[in-house]
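In: need a structure here:
(4 chains)
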Protein chains: 4
Amino acid sequence: MSKIERVGVSLDRELLGQFDALIEKQGYANRSEAVRDLIRSRLDQEQLADPETDAVAGIFLVYDHHAANLSAKLTDLQHNHLLHIITSTHVHLDHHNCLEIIILKGKVREIQALADRMTSLKGVKLGRANIMTTGKELT
Amino acid sequence: MSKIERVGVSLDRELLGQFDALIEKQGYANRSEAVRDLIRSRLDQEQLADPETDAVAGIFLVYDHHAANLSAKLTDLQHNHLLHIITSTHVHLDHHNCLEIIILKGKVREIQALADRMTSLKGVKLGRANIMTTGKELT
Amino acid sequence: MSKIERVGVSLDRELLGQFDALIEKQGYANRSEAVRDLIRSRLDQEQLADPETDAVAGIFLVYDHHAANLSAKLTDLQHNHLLHIITSTHVHLDHHNCLEIIILKGKVREIQALADRMTSLKGVKLGRANIMTTGKELT
Amino acid sequence: MSKIERVGVSLDRELLGQFDALIEKQGYANRSEAVRDLIRSRLDQEQLADPETDAVAGIFLVYDHHAANLSAKLTDLQHNHLLHIITSTHVHLDHHNCLEIIILKGKVREIQALADRMTSLKGVKLGRANIMTTGKELT
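Out: Numbers count the residues shown, from 1 in each chain, chains lettered A, B, ... in the order given. Prediction:
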């Protein structure tokens, strides 16, 4: 367990008031937690700008499950990137549409490339990758 | 099944060449599919700007599983929003960190509020919501 | 001049070390200034989510100055929104392309609508609006 | 002047209807122009992901003009990066706040670094860089 330090921050009263109002709305118990989250989020963003960063991600695909062979192609792509896939979840959206969420680890660059490959398949209507650092360094 | 129309688009040859190179890299089988994806993605973005839009989302939380009562609090929050949660998946990242992915449906506004509440809990290091339209209207 | 308050924030030593490294790279003189900027940026983002927020913006247009009547059309659009435009700057990029930066004030919704109208003109290759709160409340 | 090609795109009638409604709202004269803009915007985004890409940008700074020596420091930073600055525009926002928009050319990486340096100065409340490709390749 690493050591906690206490840091003083000078803030204009009015800015502090606005910040307090925002974090109360969001549900924070105290300012320290809210400031830590701002810092972690900024570091996360900085690290993800490097395509070689180790990351964890969810690839979201909305697709028409009547599209010929699409499931098979998605499964093939996942197997060809076998090392990275952790789990995938399938959600029934309506009569035509499914949502598939593929959770995986890998370098930012690799995750983006796989997301592009999947999104480009015929029948996939929307594809998006939500990429985050693995938290290892975000104590 | 709705009817397919064929639309003609005029493009400068050089712009077309760059587009073809990009979509080949991404893995598209043909230009129609790539143009459809650009259009769907633009419509998705437009619709999500309205907080009352029905959406499907994944809330991603990286958290320290040693944090006191955090699991219980996250579960409570999910139960208090019972109607929306579809599934949640738990991933072991390392000795300290977990990734929880909560898949849910609801209005953009509600999803964002729940994500804020969860992210603000002590022990949650990173929180992010990936929000998409449900695909119903993206034929 | 409003009053300064001093707030204590508890941080894990390792997180603090990473934050210090980042803000040193960015050139911050001290942590307080860096934390204030994180807070202001978060508040700015929150306020801009409301389309009725008063904002200041730059609309950036890359366009081909050989396009017929484009300058006249852009000028017309600016005059029809006369109240908001503060200034516009024209930059010569190369033999074909110009960059026009239009600085204006108005509600987020209005700025976005004008940017859409300008971007949609034939000859405009790229259009983007950079929107910020007016800083009035960001003490 | 480069040659125009005509490309056929197959689209579901319902998707086409939604796209037509959106682009009419935005003010497009025809579909070709709207599709070209989607393509250019996608290529712009792709190219800017490479930090070595030549770009044109506006750095927006909202700052308190009473802050000691801030103008001088901003001017110094601009002179130390002399090659890139094209123009800068100053806007009076209210009794305390100014907006400075600095237009410059350079590599994405350099622009981001200068924006970070400027944003980190004491008295600068908000800083943001809007970065675009120079349009040279976006015919």
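In: you'd agree residue A:86 is in a helix?
Out: No: counting by DSSP: H, G, I helix; E, B strand; the rest coil, residue A:86 falls outside a helix, being strand.
In: Which residues are in contact with it?
Out: A:56, A:103-105, B:91 (C-beta atoms under 8 Å, 6 or more residues apart in numbering or on different chains). (C-beta placed from N, C-alpha, C; glycine too.)
In: is it possible to export those residues to TSV including distance to residue B:125, pLDDT and secondary structure?
Out: Listed next are the contacts of residue A:86 as TSV, based on distance: C-beta to C-beta, whole Å; pLDDT from 0 to 100; DSSP: H, G, I helix; E, B strand; the rest coil:
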residue	distance to residue B:125	pLDDT	secondary structure
A:56	12	93	strand
A:103	17	93	strand
A:104	20	92	strand
A:105	17	92	strand
B:91	14	89	strand
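In: Buried ones among those?
Out: A:56, A:103-105, B:91 (16 or more other C-beta atoms under 10 Å in any protein chain shown).
In: Which two among these are spaced furthest apart?
Out: The largest separation in the buried ones among the contacts of residue A:86, counting by C-beta to C-beta, is between A:104 and B:91 at 9.7 Å.
In: shared neighbours of the two, anything?
Out: Among the neighbours of residue A:104, those also in contact with residue B:91 (C-beta under 8 Å, 6+ apart) are A:56, A:86.
In: Can you name the residues of chain A that neighbour chain C?
Out: A:2-16, A:18-19, A:22, A:31-32, A:35-36, A:38-40, A:42-43, A:46, A:137-139 (C-beta under 8 Å from any C-beta of the partner chain).
In: shaky segments in chain A?
Out: For chain A, the stretches with pLDDT under 70 are A:1-2, A:81-83, A:137-139.
In: ok, which stretches of it are strands?
Out: A:4-12, A:54-64, A:85-92, A:97-107, A:124-133 (DSSP state E).
In: Go through those and pick out the most buried.
Out: Among the strands of chain A, the stretch with the highest mean neighbour count (mean count of other C-beta atoms under 10 Å in any protein chain shown) is strand A:54-64, at a mean of 24.
In: what about that one, near chain B?
Out: Yes: with C-beta under 8 Å from any C-beta as the criterion, chain B is reached by strand A:54-64 at A:56, A:58, A:60, A:62-63.
In: swap in stretch A:68-83?
Out: No: for stretch A:68-83 and chain B, the contact criterion (C-beta under 8 Å from any C-beta) is not met; the two come no nearer than 9.2 Å.
In: Just the residues contacting that stretch, thanks.
Out: Contacts of stretch A:68-83 (C-beta under 8 Å, 6+ apart): A:61, A:63-65, A:85, A:88, A:100, A:102, A:104, A:106, A:110, A:114, A:117-118, A:121-124.
In: ok now the longest helix anywhere in chain A, how far from the chain's centre?
Out: When chain A is parsed with DSSP state H, its longest helix is helix A:31-48. For helix A:31-48, the separation from the chain centroid amounts to 15 Å (computed by C-alpha atoms, centre = their mean, to the nearest Å).
In: and if you look at stretch A:93-113?
Out: Worked out by C-alpha atoms, centre = their mean, stretch A:93-113 lies 11 Å from the chain centre.
In: for it, how far is the first residue from the last?
Out: By C-alpha to C-alpha, to the nearest Å, the extent of stretch A:93-113 from end to end equals 26 Å.
In: if we can go back for a sec, put together TSV for the contacts of residue A:86, with distance to chain D on each row.
Out: Listed next are these as TSV, based on distance: C-beta to the nearest C-beta, whole Å:
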residue	distance to chain D
A:56	20
A:103	24
A:104	20
A:105	21
B:91	27
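In: circling back: hmm, the longest helix of chain A in reach of chain D?
Out: No: with C-beta under 8 Å from any C-beta as the criterion, chain D is not reached by helix A:31-48; the gap is at least 10.3 Å.
In: From the contact counts, what lies against that helix?
Out: helix A:13-26, strand A:124-133, strand B:124-133, strand C:4-12, helix C:13-26, helix C:31-48 (3 or more C-beta pairs under 8 Å, 6 or more residues apart in numbering or on different chains; DSSP states H and E).
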